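Asker: Fold the following.
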Amino acid sequence: MAELSLKGVVKRYGSYEIIRNASLDVADGEFVVFVGPSGCGKSTLLRMIAGLEHITDGEIRIGSTVVNDVEPADRGIAMVFQSYALYPHMTVEENLAFGLRMTGNPKVDTQRRVQRVADILQIRELMKRRPKQLSGGQRQRVAIGRAIVREPQVFLFDEPLSNLDAELRVQMRVEISRLHKELGTTMIYVTHDQTEAMTLADKIVVLRGGNIEQIGAPLDLYDNPANQFVAGFVGSPKMNFMSAEIIEATDHSVTITLLNQGNVRVTLPVERPRGGSGERVTLGIRPEHFVKAGQGDADLTIKVDVAEHLGNTSYIYANVTGGEQIIIEREESRNETNRDLLTVAIRSSHAFLFDSDGNRLR
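Answerer: A predicted model of the protein is given here:
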């Protein structure tokens, strides 16, 4: 096991920067998830850690060793790919053992490691099968087993569950979480699915356009997003954003009017913004933080477009002036139907305010 450190890492193709000044410290045994939209640079960052991409600038350190110029095979890492990358002509047992045999590992030790992996992943009954005889979930187990058998210092996962159906993804998330607890090895995991990030990670790294937007524990990012992008990306359903304008600002509070919501006024406990009165801002509130009418700081009436009833929870959707969509989460709410008027309340203590650049006002 080992710590992992990135300091000022840059990846540039010509004049185009894919990764911009990325710095990150990963503790020994920590599970860190890189998350962000497609094209944000998360897979490129993972491949640089693996040594599959050269870095343009900066430093990558695994344990006490700077690995900028170290070959992938010598970095003490093992990588699990999205495509499984199993040898189709080999059995499961042969796939697991192949890497060790190629490095000249003693036969007895190779057999010991392969059997240990088979027990950990509960795939002993699959050992004589070939990949085409396995389900997607079983193939992914074998791909993970091929990484475990190397006994690496760091595991790297590149969107390993994206080829699986929804039920299998949930099952494999549980398996990977259990595996991390059992092995206690440092793991770096890339995904575009923020649900995977929230459920698996000790620490989440949110990327956008090659920049690290925020680093923190899952609930820290959920409760205290640094900016509007992180607030909108972390959480499902996503946070509601409503256009607003500041009408009054003091040293410790700001009063806004919601421009597309009947000019409803809300006062929030935030510091005086730079622009003051007349500044355009955005109010953010999560679907579960709307409360019943009269129980908050401002009431809001919307016309229901769609009501999704999912057992004990319902999601109420409304499209309003200006193209904004409001999503409201309610428990045991089965009475709202399409086109009904619904009045809810905003509680300022659960709301966020963002300036025109997307920075959070605190």
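Asker: Can you show me the strands along the stretch 51-200 of the chain?
Answerer: Applying DSSP state E, counting those that start in this stretch to the stretch 51-200 of the chain gives strands spanning 57-62, 65-66, 77-80, 154-158, 186-191.
Asker: pull the longest helix from this protein.
Answerer: Using DSSP state H, we find that the single longest helix of the chain is helix 166-183.
Asker: Output it in CSV with nothing but the alpha carbons.
Answerer: Listed next in CSV are the C-alpha coordinates belonging to helix 166-183 (Å, rounded to 0.1, in the frame of the first residue of the first chain):
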residue,chain,number,x,y,z
ALA,A,166,-28.5,-0.9,-13.6
GLU,A,167,-29.0,-3.9,-11.2
LEU,A,168,-25.5,-5.3,-11.8
ARG,A,169,-23.9,-1.8,-11.3
VAL,A,170,-25.5,-1.7,-7.8
GLN,A,171,-24.3,-5.2,-7.0
MET,A,172,-20.7,-4.5,-8.2
ARG,A,173,-20.6,-1.2,-6.3
VAL,A,174,-21.2,-3.2,-3.1
GLU,A,175,-18.6,-5.8,-4.2
ILE,A,176,-16.0,-3.1,-4.8
SER,A,177,-16.7,-1.4,-1.5
ARG,A,178,-16.4,-4.7,0.3
LEU,A,179,-13.2,-5.4,-1.5
HIS,A,180,-11.7,-2.1,-0.5
LYS,A,181,-12.5,-2.7,3.2
GLU,A,182,-11.0,-6.2,3.0
LEU,A,183,-7.8,-5.3,1.1
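Asker: What residues of it count as buried?
Answerer: Judged by neighbour count using 16 or more other CB atoms under 10 Å, the buried positions of helix 166-183 are 168-169, 172-173, 175-176, 179-180, 183. From N, CA and C alone the C-beta is placed, and that goes for glycine too.
Asker: Check which helices and strands it sits against.
Answerer: In terms of contacts (3 or more CB pairs under 8 Å, 6 or more residues apart in numbering; DSSP states H and E), helix 166-183 is packed against helix 107-121, helix 136-148, helix 194-200.
Asker: So for the longest one, what gets flagged as buried?
Answerer: In this case it means helix 107-121. In terms of neighbour count (16+ other CB under 10 Å), helix 107-121 has its buried residues at 110, 113-114, 117-118, 120-121.
Asker: would you list the residues you listed in TSV and tack on pLDDT and distance to Q133?
Answerer: Written out in TSV, the entries for the buried residues of helix 107-121 read as follows (pLDDT from 0 to 100; distance: CB to CB, whole Å):
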residue	pLDDT	distance to Q133
T110	93	23
R113	94	23
V114	94	18
V117	91	19
A118	91	16
I120	89	21
L121	88	17
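Asker: Closest one to I328 out of those, please.
Answerer: Taking CB to CB as the measure, I328 sits nearest to L121 out of the buried residues of helix 107-121, at 42.0 Å.
Asker: which regions of this structure sit below the pLDDT cut-off?
Answerer: Within the chain, the set of residues satisfying pLDDT under 70 comprises 1, 272-273, 332-339.
Asker: the domain parsing of this protein - what is it?
Answerer: For the chain, automatic domain parsing gives the domain ranges 4-233, 240-361.
Asker: Could you export the helices and strands packed on helix 166-183 to TSV, including columns for distance to I60?
Answerer: Shown next, in TSV, are the helices and strands packed on helix 166-183 (distance: least, CB to CB, whole Å):
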stretch	distance to I60
helix 107-121	27
helix 136-148	19
helix 194-200	22
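Asker: among these, which is nearest F157?
Answerer: Each of these was checked against F157 via CB to CB, and the shortest separation belongs to helix 136-148, namely 8.3 Å.
Asker: Now do that closest one against strand 154-158, angle only.
Answerer: Direction vectors for helix 136-148 and strand 154-158, defined by axes from the mean of the first three to the mean of the last three CA atoms, to 10 degrees, enclose an angle of 150 degrees.
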